[in-house]
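Peer 1: Coordinates only, no sequence provided:
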């Protein structure tokens, strides 16, 4: 393992630890990622002595101006150096009470510290000590589990997950990120301990869920969360999408599976995490709008409108940002059916203008989402949709180039209307502005100041 410790800082840590008559080890994710051939700039150092003191002495040896962040309550210290974050902590053992995932911490041995780790692949350590520099310490065969692509806990999984239930989310997240399999005995413990997740703050849960959402194929992790019955604990609106109801031989799509298919389709084309959230929530209101009508079958009228309203409720409960990110998700959930409607009907310039007007700079994301929303086991139907969709995209480009409606601004301001007709701020000003906008969107006049002013005078001068 010595070749992986070429960074001179490891030699410095070794020398200073020896001067302090203690031992130090690099442990956790950095070691795991050596075997996975993945870069890792978060480096954890555990020492059998004082972690804060070791960090401060190493930082001083590297540069007198290096700032060390000290967290005395946790016995940790960290600094940033040459593009990497180094965190130092004394080896410890932990004990938990049922009502909290915050442990009582005592000084421990390296073995104690490895025992408290979440998974075998994160419990490996490499010695930084002079007599054994570079030696791998792997008491739970984490190296073997990496070779077999297995997620399992070092000790009894029921104890590991009950002590810190966030580890259940991390198990799924690592499985999804690394394309690993959770060992059956470990997975069964996820199900048994699922209600323990309720003691974890929603912020910490969502941090893990966001990492699952950011994976190349988010459905993998979400399906695991559902199978482990963890998803329903913190995201019941999503599990409510599951199932197919059949009346008189007519059934609808399983909206849960459809949603995950759309999410994967979007993830294949875009890393935009908020567009992925749009995909996840685009049909979130279908259970509340589902209706069966004789001779027609199933309908979900207005699910895009109700869904856009549910976005704010879900963001608030999950502690997601209540800012422009939320408004973006709301907007695209509301618009997600509009391009599909253009496929079904004759594509008119007016309909395209209105979509461009409402979508603004987000039109490309709306189109990507709508394209991803075309899912069916009927290949002929899918191919027909895709072909018609290309026609809509061409029409959008044509109208956009001609009418310049993306992020449209009224060619005549309210102030100009008031000056022209000697009006004070009033309902009449709004009526005139709306009439100009509608005339432009309908194609009755060009999107220019000259055309709009002439229209305004002709229609409202009396």
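Peer 2: Thanks, I have it. A quick note: this is a predicted structure, and the numbers were derived from the prediction, not measured. Numbering: from 1, shown residues only.
Peer 1: show me the contacts for the closest residue in space to residue 448 that isn't next to it in sequence.
Peer 2: Residue nearest to residue 448 in three dimensions, not counting chain neighbours: residue 411, with 6.1 Å by C-beta to C-beta, 6 or more residues apart in numbering. Placement of C-beta: from N, CA and C, glycine included. Residues counted as contacts of residue 411 (C-beta atoms under 8 Å, 6 or more residues apart in numbering) are 436, 440, 447-449, 451-453.
Peer 1: Any stretches of this protein with poor pLDDT?
Peer 2: Screening the chain residue by residue with the criterion pLDDT under 70, one finds the ranges 1-3, 94-101, 103-105, 249, 343-347, 376-378, 380-382, 384, 400-408, 462.
Peer 1: and the spatially most central residue of it, what element?
Peer 2: Nearest residue to the geometric centre of the chain (C-alpha atoms, centre = their mean): residue 210, 3.2 Å. In this assignment (DSSP states H and E), residue 210 forms part of helix 202-213.
Peer 1: just residue 87 next, same as before
Peer 2: For residue 87, the host element (DSSP H and E) is strand 84-90.
Peer 1: ok so, going back, state the distance from the residue nearest to the centre of the chain to residue 176.
Peer 2: Plainly put, residue 210 is 12 Å away from residue 176 if you go by C-beta to C-beta, to the nearest Å.
Peer 1: got it, and residue 186?
Peer 2: Relative to residue 176, and taking C-beta to C-beta, residue 186 is found at 15 Å.
Peer 1: can you check residue 216 too?
Peer 2: Applying C-beta to C-beta, the value for residue 216 to residue 176 is 9 Å.
Peer 1: which of those two has more neighbours?
Peer 2: Each of residue 216 and residue 176 has its neighbours counted (other C-beta atoms under 10 Å); residue 176 has more, 25 against 12.
Peer 1: what sits against the more buried one?
Peer 2: 212, 215, 217-218, 220-221, 224.
Peer 1: Provide the secondary structure category for it.
Peer 2: When states are read from DSSP: H, G, I helix; E, B strand; the rest coil, the local structure at residue 176 comes out as helix.
Peer 1: Likewise for residue 126?
Peer 2: Note that with three-state DSSP, the state of residue 126 is strand.
Peer 1: Helices of the stretch 1-150 of the chain, start to end?
Peer 2: Listed in chain order, the helices of the stretch 1-150 of the chain (DSSP state H, counting those that start in this stretch) span residues 8-19, 29-36, 51-62, 110-115, 142-148.
Peer 1: now for those, which one comes closest to residue 75?
Peer 2: When those are compared by C-beta to C-beta, helix 51-62 sits nearest residue 75, at 5.9 Å.
Peer 1: how about the helices in the stretch 151-300 of the chain?
Peer 2: According to DSSP H, counting those that start in this stretch, the stretch 151-300 of the chain carries its helices in the segments 157-163, 166-178, 184-192, 202-213, 218-227, 231-234, 236-239, 255-269, 273-281, 286-289.
Peer 1: Could you work out which of those reaches nearest to residue 135?
Peer 2: Counting by C-beta to C-beta, residue 135 lies closest to helix 166-178 out of the helices of the stretch 151-300 of the chain; the figure is 25.0 Å.
Peer 1: Quickly note the distance from residue 26 to residue 282.
Peer 2: Per C-beta to C-beta, residue 26 is found 44 Å from residue 282.
Peer 1: So these two - more neighbours on which side?
Peer 2: In terms of neighbours (other C-beta under 10 Å), residue 282 is the more surrounded of residue 26 and residue 282; the figures are 30 against 23.
Peer 1: Give me the nearest residue to that one, chain neighbours excluded.
Peer 2: Distance criterion C-beta to C-beta, 6+ apart; nearest residue to residue 282, sequence neighbours excluded, is residue 336 at 4.7 Å.
Peer 1: Now that neighbour: phi and psi?
Peer 2: Per-residue torsions, residue 336: phi -60, psi -20 (degrees, to the nearest 10).
Peer 1: Pull the number of nearby residues for it.
Peer 2: In terms of burial, residue 336 registers 24 neighbours under the definition other C-beta under 10 Å.
Peer 1: Repeat that for residue 92.
Peer 2: 18.
Peer 1: pretty sure it is touching residue 109, no?
Peer 2: No - contact criterion C-beta atoms under 8 Å: residue 92 and residue 109 do not qualify, at 9.3 Å.
Peer 1: So residue 365 versus residue 387, what's the distance?
Peer 2: Distance check for residue 365 against residue 387: by C-beta to C-beta, it reads 22 Å.
Peer 1: Then residue 31?
Peer 2: Separation of residue 31 from residue 387 (C-beta to C-beta) stands at 52 Å.
Peer 1: can you check residue 290 too?
Peer 2: 30 Å.
Peer 1: more crowded one of the two?
Peer 2: residue 290 (15 against 10).
Peer 1: For that one, give me its contacts.
Peer 2: Contact criterion C-beta under 8 Å, 6+ apart gives 245, 252, 298-300 as the residues in contact with residue 290.
Peer 1: Just the buried subset of those, please.
Peer 2: In terms of neighbour count (16 or more other C-beta atoms under 10 Å), the buried residues within those are 252, 298, 300.
Peer 1: Tell me which residues touch the first one, please.
Peer 2: Pointing back at residue 252 there. Taking C-beta under 8 Å, 6+ apart, we find residue 252 in contact with 244-245, 290, 297-298.
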